[in-house]
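In: Curious how this folds, go ahead:
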Amino acid sequence: MGELMRRQGQAPMSRQTRNTLMGMAEGAQIEQAATRALSAVADYAMGEVLYLKQTQAMLEQQCPDAAEALALIANTAAMSIAHQVRRYGSEMSG
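Out: Numbering: from 1, shown residues only. Below you'll find the model as predicted:
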């Protein structure tokens, strides 16, 4: 058959077409893995920020005078986490 490869229950296709399709499928799998990785990192980061805010609230109850300083620390840490997630997303996408 030369260039054509026989498949059971499927129409014959050329090697070039088969290789192109396999390459596209592999690319899609890589994109899916990157999306899942970014989603997992974002979920973990949201959990960390939630824990940070809960700790902030607990400490503010124990020491109301330090509320402003605690808010500054918590917000700075949350922004740092957000920047790290954004940087990770940029690295994964490009």
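In: And the average pLDDT for the helix or strand that contains Asp43 is what?
Out: Using DSSP states H and E, Asp43 maps to helix 15-62. Helix 15-62 carries an average pLDDT of 91.
In: right, and the helix or strand after that helix?
Out: helix 67-93.
In: Buried ones in that next one, by neighbour count?
Out: By 16 or more other CB atoms under 10 Å, the buried positions in helix 67-93 come out as 70, 74, 77-78, 81, 85, 89. All C-beta atoms are positioned from the backbone trio N, CA, C, and that covers glycine.
In: again with stretch 22-42
Out: So stretch 22-42, judged by 16+ other CB under 10 Å, has buried residues Leu38.
In: helix/strand/coil for Met13?
Out: Three-state call for Met13 (DSSP: H, G, I helix; E, B strand; the rest coil): strand.
In: ok, back up a step: please state the offset of the helix holding Asp43 from the chain centre?
Out: Distance of helix 15-62 from the chain centroid (CA atoms, centre = their mean, to the nearest Å) equals 2 Å.
In: Would you pull up how far stretch 55-67 lies from the middle of the chain?
Out: That offset, for stretch 55-67, works out to 32 Å (CA atoms, centre = their mean).
In: tell me the two of the buried residues of helix 67-93 that are most distant?
Out: Leu70 and Gly89 (28.7 Å; CB to CB).
In: In contact with the residue positioned nearest the centre of the chain, which residues?
Out: In the chain, the centroid-proximal residue (CA atoms, centre = their mean) is Leu38; its distance is 0.4 Å. Contact analysis of Leu38 by CB atoms under 8 Å, 6 or more residues apart in numbering lists 88-89, 92.
In: how close does it sit to Ala78?
Out: Note on Leu38: its distance to Ala78, by CB to CB, to the nearest Å, is 18 Å.
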